[in-house]
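In: how would this look folded up:
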Amino acid sequence: MLRILLAEDDQVMREYLTRALERSGYAVTAVDRGTAAIPLLETERFDLLLTDIVMPEMDGIELAQRASEMCADLRVMFITGFAAVTLKAGRTMPQARVLSKPFHLRDLVMEVDRMFETDNVGGTY
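Out: Numbering: from 1, shown residues only. Presented below is the predicted three-dimensional model:
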């Protein structure tokens, strides 16, 4: 089972995304801020970091940069409602996907599935 680390400071959104991804067959560990994700990245293995960009303490871009240094093969997807930070995320981490809020849960799950399609075809997982 593929493992997702979700960093989202909005509790309702965090619970909503967690439920949708779990129903789609993913194992999800959810935290409310980037600084809470770092210790988990140090001790556990994740296949995807799904992070909001605008969060207190540590924004999602900094979290993704630190996570990529710790786990080179970790995929990253940003979620944000701010167009300006979407551009910054794209410049900082061009290999990451960006999904703009508002989005339908079906779109989120499709994007996450798409990130793993090449691995599933090749039988890596």
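
In: what pLDDT does the closest residue to Leu2 other than its chain neighbours get?
Out: Once flanking residues are discounted, Leu2 sits nearest to Asp47: 4.6 Å by Cβ to Cβ, 6 or more residues apart in numbering. Every residue, glycine included, has its C-beta placed from N, CA and C. pLDDT for Asp47: 97.

In: Leaving out chain neighbours, which residue sits closest to Ala7?
Out: Computed as Cβ to Cβ, 6+ apart, the closest residue to Ala7 that is not its neighbour in sequence is Thr51, at 4.1 Å.

In: Tell me what the most centrally placed residue in the chain is bridged to.
Out: For the chain, the residue sitting closest to the mean C-alpha position, by Cα atoms, centre = their mean, is Leu50 at 0.8 Å. Leu50 forms beta bridges with Leu6, Met77, as assigned by DSSP bridges.

In: correct me, but the residue nearest to Ala7 touches Glu8?
Out: Yes: using Cβ atoms under 8 Å as the test, Thr51 is close enough to Glu8 to be in contact (7.3 Å).

In: Between the two, tell me which one has more neighbours.
Out: For Thr51 versus Glu8, the count of surrounding residues by other Cβ atoms under 10 Å is larger for Thr51: 30 against 22.

In: Show me which residues of the helix or strand harbouring Arg114 are buried.
Out: Assigned by DSSP states H and E, Arg114 belongs to helix 105-122. The neighbour-count check on helix 105-122 (16 or more other Cβ atoms under 10 Å) flags Leu108, Val109, Glu111, Val112, Met115, Phe116 as buried.

In: Enumerate every residue touching Lys101.
Out: Ile79, Thr80, Gly81 (Cβ atoms under 8 Å, 6 or more residues apart in numbering).
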